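Asks: Task: produce atomic coordinates for the following.
(2 chains)
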Amino acid sequence: MIHSLFLINHSGDIFLEKHWKSVVSHSVCDYFFEAKEKAVDPEDVPPVLQTPHHYLITVHRDQLFFLSVVQTEVPPLFVIEFLHRVADTFQDYFGECSESVIKDNVVTVYELLEEMLDNGFPLATESNILKELIRPPTILRSVVNTLTGSSNVGDTLPTGQLSTVPWRRADVKYTNNEAYFDVIEEIDAILDKSGTTVFAEIQGVIEACVRLTGMPDLTMSFMNPRLLDDVSFHPCVRFKRWESERTLSFIPPDGHFTLMNYHVSSQNPVAIPVYVKQNISFFESGPCGRLDITIGPKQTMGKTVEALMVKIHMPKAVLSANLTATQGNYTYDLPNKLLIWDIGKLNPQKLPNLKGILSLQAGAAKPEDNPSLNIDLRIQQVAISGSPRFVSTYNWATVFSHCSICFSPLCTGLKVSRLEMFGEKYKPFKGVKYVTKAGKFQVRT
Amino acid sequence: MTDSKYFTTTKKGEIFELKAELNSDKKEKKKEAVKKVIASMTVGKDVSALFPDVVNCMQTDNLELKKLVYLYLMNYAKSQPDMAIMAVNTFVKDCEDANPLIRALAVRTMGCIRVDKITEYLCEPLRKCLKDEDPYVRKTAAVCVAKLHDINAQLVEDQGFLDTLKDLISDSNPMVVANAVAALSEIAESHPNSNLLDLNPQTINKLLTALNECTEWGQIFILDCLANYTPRDDRESQSICERVTPRLSHANSAVVLSAVKVLMKFMEMLPKDLDYYGTLLKKLAPPLVTLLSAEPELQYVALRNINLIVQRRPEILKHEMKVFFVKYNDPIYVKLEKLDIMIRLASQANIAQVLAELKEYSTEVDVDFVRKAVRAIGRCAIKVEQSAERCVSTLLDLIQTKVNYVVQEAIVVIKDIFRKYPNKYESVIATLCENLDSLDEPEARAAMIWIVGEYAERIDNADELLESFLEGFHDESTQVQLQLLTAIVKLFLKKPTETQELVQQVLSLATQDSDNPDLRDRGYIYWRLLSTDPVAAKEVVLAEKPLISEETDLIEPTLLEELICHIGTLASVYHKPPSAFVEGSRGVQHKRISGNAVSGESVESPDNGSAAGVTEAPPAVIQSHGDLLGDLLNLDLTPPTTTGPPPPSSSGMQMGAMDLLGGGLDSLMGDESEPLGGDLGGNPAMGAGFGGPPAVMPASFNAPVGGGLDDLFDLGSGVGMPMGAFNPPKTVWLPAMKAKGLEISGTFVRRAGVIQMEMNLTNKAMSVMTDFAIQFNRNSFGLASAGPLQILTPLSPNQSIEAALPLSTVGPIMKMEPLNNLQVAVKNNIDVFYFSCQYPISMLFVEDGKMERQVFLATWKDIPNENESQFQIKDCHLNSDAASNKLQSSNIFTIAKRTVEGQDMLYQSMKLTNGIWVLAELRVQAGNPNYTISLKCRAPEVNQCVFQNYESVLKN
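Replies: Okay, here's the model as predicted:
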């Protein structure tokens, strides 16, 4: 199983190492550095490397490399999943996952790693169990600890460790009981030069934030569950119930979690919310080129497209861009050859346009590679129910009655029809928010 | 208040200060000090000097402090074993604490302290914890057994912990079950009889129940364990599949892939007409597609596995082509894998889409990716015949872009298209010729030259074109030189009148001015051919070439089947069988036999060492999956080498032989008119093996060459060969069932220093078989065929033929498991078949393997004792002299004999072709049919093989 872990920053310093079995010399990382030298970008380093005595499995997260050393045959996905879980835990505990924050909390990090893995076998990876074992650092707590001499390590067995619902701790209490669900759909698409969809699919996710007292048992049903034929669930979801009734029945973890992921394949028609008219060309003679991009709404289901942004990876030879935008601002990041046009809200009456001249390095030949456009956007809608006494944390706009929701602005048209709670007596405050976003949405030129 | 302050104290006297703080009375100060110590430890500073002070802090009721001290102990106990003992009492006490968290923590930490003395004390607490009332403690203890096994395997067995662990599989708590399975699986990996996890329907049922309730990681262990089970019938197989299928919807991709493995494996047992079979196929596609929306690292592993799955069951993903379309911000390793899968899924139905995508990719930034995309277009053309025309026109478009590397790559693949569809697309040659000047890569130049030579009769200025290449002949790479030589000879045979001068020129460049043996040899062969029998030359050089097929890049079926059983593992990422990996955590050995063994001189090839003998060690890091197959088939299937010389792997011996002849030829060379000596009569024909396929070989080939070879090799082996060497009887290697009617049985013999593979080929099919060829995969001792397989007459149904194939030991080397395993590919007009066989290692014992007495003594002492292996040979009724004689006939030489207390001790030596010496001590006691043998060798891997050989020689 997993033997050792090294954390490495972009400049190639090993700033933390942890060994779960015998110590492996950090010279083993030289094989990784060798591969890193060869790669153009840090993210191009192959995730699985073979060395004479070990295998190195690496993930690249937040500008850091999490490099694990294994010695025996082990499923690489297992290791990769685990490493991502480690990064998630750091994120969860410290608010970010960076070299400085890890160094600032090195003892906690070490304690966490010790709790997460035993002899290379995962031990406790659920955030709520870890938090009972090792409390996350807060300013308040460190002050209190100093004053009282108490510690941030729990001294009772985490209740979740062995129960059949390891994701939830017992004795949760809230004065305001709330359950919010964000249904987020990301459109992954490739459009060709002429605007035709080459490929499009939807990655959906239901993110939940549940703060409910006791052991609530929730049921979520959908208006049109037949859309969901490719799903993966949080372990809390009762799969049998889904198989037979197509409803999600679960005892939720406390706090934030991902309830479900779904995927609507490229074989179903996908509504593309915007169209892009673009013309980027370089002259045969003279070191410059022309750029002209217009974006307009396509299938937006009557909703406003927000946070629209276009990113263009320019060929290496492009030195600067002299453009005019009818809306929003543009910047050209020379070292990364990245042109970013931040548009904001899309106004269907007055379409945003970016136009002008690109200048190339003197003497450079006409670029061989075409630039490629990446689009970011967001369409959102909110629905809530219950008695909103204090709604400040969420920006809820519309209230929906208990049993029906009148619209769904999602690409797939997925709608939550019902959200019920059993097992507890109080009446919670419930809400569903729908967001459509561009995922890997690119336009070829 | 952050921990970073712990890093800043680097001044002198730090240790001293810490010591003082650790011994402070204040709890808080103590804890801070321990934290500082831990921080220093994490960044690799040596704080071991503080050991006693830190251990003193262990007796505390503050859990955090206790944990920190435990962390410290795990790190430094190894270096301070005596002091670690001080901690034992606290551990033992903690194991009986009322708080289960502390009990578990203590047993967990003790297991991590790899000090023998502590281990002894661990047994009792561990036994208690394995039966603890609290499942949290039990599950921690289960893992502890695996830790203990890693430190002291014998102890674990003696204490009966393995049985307790097996009992835990029936535990009521699913987490305990999962950890017990994980621990047992890990132990099984290094355990001699790996039948620890005795899987039967009852345990399987328990595992399936636990599967639903345990954590995601536990599910992975259980699924991987399930995959090793063989269901009794298809009903059981179906019911397991049904219970595993829900795991496909898990959020953890490792769970999904492990479930896919179980399903892919058990599906094999389901009848194809079963409804459930179809349902299952449908269920597999969505989770695989979903894996591709995860992080790039996960995608990579998923793609490597999908690559296997689409080869085994293309129907699963045949409609999902689009998800493999490349996005420009995918990491390069993901791009290349996606491309590979796209080609595997390409079919007539989707070829238009695929081609449009590939064309798009060929304008990307990344050069490697662009090259592979262009190659992919060629592969599509070869795979989907209907699309060939469109592919060619796409390639022509790309050539028009004039982007240098695109043009070069396009020309290389167009050559392959010509090989697949001869006489169809020659109209494009003119366009290709326009780009002649821009080609600067050897492969592209060689491809272009091949095209010019092959179609010389249709290119008006072919002679000018080739002449232009000839000017810088010596600066070209070997690949180009060889190709140019062949092309000009082809040109000469097609247009003899105008090109006589040119061919003279190239032949003299190749034979006289070059010091490359491959080139020289080929030059001589052509020269001989042309001067003796132009008609034969034409037949050989311009022979019709076999078509290349799209199958070249597929993984060999048996390997594929094996890899499917290892979905989700490292083997599936490397597309290599698990046996090709470092084995077990203790297997810290080199993958290959140590370096000195590889470079040792071999007796048979006196003068080809540098060029053909030693191939460079294969790179240790990821190899493309095609390699294995490529190696097996490069005889005549891999496009670039088809008309070129067979690579060194297959021709090492030929080279050696030809060079010996070459010496003789040189003297004849001066005078062209002198008739060739009779002893060389057969040799031009032998050379034909280089240029054309075996089918066109003249019939006279067989007899003279065989004899010639034997003569030649006698030079190498001066020692006379005693008669009666043991040769194992022929066994069936390739049953007719598996090879479309071709049955091969055979054996290996060593005669007068020459290794031969003697085969019986029987045609049990209904149709005639022709065009036999043979090729070996890389193997432990570099065995390679030293000549083509000499089966010249077609093999009609129910006919049998005997063939003897001389072998050389100068081929490429790869360690096999077992060591003497040889993987063979045999090709005929029907298909390519694969089998593996094992050769007796005595084949590799050379005739001069008798060591001097003094040297023997010194060597025996010099080889470390851990390299010694002892074996028993049972039921052998020979006396020591008879045994010695018998062994001598297999080149195992007795150096000395000693008799001690009625026991004969024979000291023997043998030497392998790669220069490895094996020393043996054979103890024979009169009246006792059991011999004892001790073997010592610098490469102890061979001991097992040598022992087996002793056994078979002595008992026959």
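Asks: contacting residues around the residue nearest to B:Ile813 when sequence neighbours are not counted?
Replies: Setting aside the residues directly before and after it, B:Ile813 is nearest to B:Gly782 in space (Cβ to Cβ, 6 or more residues apart in numbering or on different chains), at 4.6 Å. C-beta: built from backbone N, CA, C; applies to glycine. Shown in contact with B:Gly782 (Cβ atoms under 8 Å, 6 or more residues apart in numbering or on different chains): B:808-813, B:914.
Asks: switch to 6 Å and redo it
Replies: Contact partners of B:Gly782, counting by Cβ atoms under 6 Å, 6 or more residues apart in numbering or on different chains, are B:809-811, B:813.
Asks: For it, which three-state class applies?
Replies: The three-state label given to B:Gly782 by DSSP: H, G, I helix; E, B strand; the rest coil is coil.
Asks: Below-threshold pLDDT in the chain: ranges please.
Replies: I'll assume chain A. Counting by pLDDT under 70, chain A contains low-confidence ranges at A:138-164, A:266, A:285, A:301, A:368-369, A:381-411.
Asks: Correction: the question concerned chain B.
Replies: For chain B, applying pLDDT under 70 flags the ranges B:1-13, B:43-44, B:192-195, B:550-552, B:580-726.
Asks: quick one: the helices in chain A?
Replies: A:29-38, A:76-94, A:99-104, A:106-116, A:127-133, A:139-148, A:239-245 (DSSP state H).
Asks: brain fart, the stretch 751-900 of chain B
Replies: Using DSSP state H, counting those that start in this stretch, the helices found in the stretch 751-900 of chain B span residues B:853-862, B:880-888.
Asks: tell me which strands and helices the last one is in contact with?
Replies: In terms of contacts (3 or more Cβ pairs under 6 Å, 6 or more residues apart in numbering or on different chains; DSSP states H and E), helix B:880-888 is packed against strand B:903-911.
Asks: strands paired with the strand it packs on, and their directions?
Replies: According to DSSP bridges, the neighbouring strands of strand B:903-911, each with its direction, are strand B:893-900 (antiparallel), strand B:917-925 (antiparallel).
Asks: Tell me which of the ones you listed is the most buried.
Replies: When you average the neighbours per residue for each of the strands paired with strand B:903-911 (mean count of other Cβ atoms under 10 Å in any protein chain shown), strand B:917-925 leads with a mean of 21.
Asks: Can you tell me the SS state at the residue in the stretch 501-650 of chain B positioned nearest to chain A?
Replies: For the stretch 501-650 of chain B, the nearest residue to chain A under the criterion Cβ to the nearest Cβ is B:Gly568, separated by 4.5 Å. On the three-state scheme (three-state DSSP), B:Gly568 is labelled coil.
Asks: neighbours of it, just the number please.
Replies: In terms of burial, B:Gly568 registers 30 neighbours under the definition other Cβ atoms under 10 Å in any protein chain shown.
Asks: Do I have it right that it meets B:Leu257?
Replies: Yes: at 4.1 Å, B:Gly568 counts as touching B:Leu257 under the criterion of Cβ atoms under 6 Å.
Asks: Distance check, B:Ala302 against chain A.
Replies: Here the criterion is Cβ to the nearest Cβ, to the nearest Å. By it, B:Ala302 lies 7 Å from chain A.
Asks: ok, now B:Asn173?
Replies: 6 Å.
Asks: what residues are up against A:Asp62?
Replies: Applying Cβ under 6 Å, 6+ apart as the definition, the contact partners of A:Asp62 turn out to be A:Cys97.
Asks: Okay, it and A:Ser98: tell me how far apart.
Replies: When distance is defined by Cβ to Cβ, to the nearest Å, A:Asp62 is 6 Å away from A:Ser98.
Asks: ok, how many other residues are close to residue 327?
Replies: You didn't pick a chain, so chain A it is. Residue crowding around A:Gln327 was assessed by other Cβ under 10 Å; the count is 18.
Asks: To clarify, I was referring to chain B.
Replies: 17.
Asks: pretty sure it is touching A:Lys440, no?
Replies: Yes: distance between B:Lys327 and A:Lys440: 5.4 Å, which falls inside the contact criterion (Cβ under 6 Å).
Asks: if I pick residue 68, what's in contact with it?
Replies: Using chain A. Taking Cβ under 6 Å, 6+ apart, we find A:Ser68 in contact with A:2, A:5, A:57, A:79.
Asks: meant chain B, my bad for not saying
Replies: Under the criterion of Cβ under 6 Å, 6+ apart, the neighbours of B:Leu68 are B:34, B:38.
Asks: Ok, the one 4 residues further on next?
Replies: When contacts are counted by Cβ under 6 Å, 6+ apart, B:Tyr72 is found next to B:Val54.
Asks: Same check on A:Ile187?
Replies: Contact criterion Cβ under 6 Å, 6+ apart gives A:202, A:438-439, A:441 as the residues in contact with A:Ile187.
Asks: try 7 Å
Replies: Applying Cβ atoms under 7 Å, 6 or more residues apart in numbering or on different chains, one finds that A:Ile187 lies in contact with A:200, A:202, A:270, A:411, A:436, A:438-439, A:441.
Asks: Excluding sequence neighbours, find me the nearest residue to B:Pro52.
Replies: Among residues not flanking B:Pro52 along the chain, B:Met83 sits closest, at 6.0 Å (Cβ to Cβ, 6+ apart).
Asks: how close does B:Tyr421 get to B:Asn760?
Replies: In this structure, B:Tyr421 and B:Asn760 are 38 Å apart, going by Cβ to Cβ.
Asks: just B:Lys338 next, same as before
Replies: Counting by Cβ to Cβ, the gap between B:Lys338 and B:Asn760 amounts to 47 Å.
Asks: Looking at these two, which is more packed in?
Replies: A count of neighbours by other Cβ under 10 Å puts B:Lys338 above the other of B:Lys338 and B:Asn760, at 24 against 16.
Asks: which is the next helix or strand following the strand or helix carrying that one?
Replies: Using DSSP states H and E, the secondary-structure element containing B:Lys338 is helix B:332-345. Beyond helix B:332-345 in the direction of the C-terminus, DSSP H and E gives the next helix or strand as helix B:351-361.
Asks: can you pull the contacts of residue 265?
Replies: Defaulting to chain A. Taking Cβ under 7 Å, 6+ apart as the contact definition, A:Ser265 lies against A:201, A:230, B:289.
Asks: not what I meant, chain B
Replies: B:227, B:564-565.
Asks: still on that earlier bit, test my guess that the residue of the stretch 501-650 of chain B closest to chain A contacts B:Asn305.
Replies: Yes: with contact defined as Cβ atoms under 7 Å, B:Gly568 reaches B:Asn305; the gap is 6.4 Å.
Asks: shared neighbours of these two, which are they?
Replies: Listed as contacting both B:Gly568 and B:Asn305 by Cβ under 7 Å, 6+ apart are B:Leu257.
Asks: Grab the two from the contacts of A:Ile187 that are most spread out in space.
Replies: Using Cβ to Cβ, the two most remote members of the contacts of A:Ile187 are A:Ala200 and A:Thr436, lying 12.7 Å apart.
Asks: Got the phi and psi for residue 298?
Replies: Picked chain A for this. When quoted as degrees, to the nearest 10, the phi and psi of A:Lys298 stand at phi -120, psi -80.
Asks: please go with chain B instead
Replies: When read as degrees, to the nearest 10, the backbone of B:Leu298 gives phi -70, psi -40.
Asks: show me the contacts for it.
Replies: Residues in contact with B:Leu298 (Cβ under 7 Å, 6+ apart) are A:77, A:80, B:253, B:291.
Asks: One more pass at 10 Å, please.
Replies: With contacts defined as Cβ atoms under 10 Å, 6 or more residues apart in numbering or on different chains, the neighbours of B:Leu298 are A:47, A:59, A:76-77, A:80-81, A:84, B:253-254, B:257, B:291-292.
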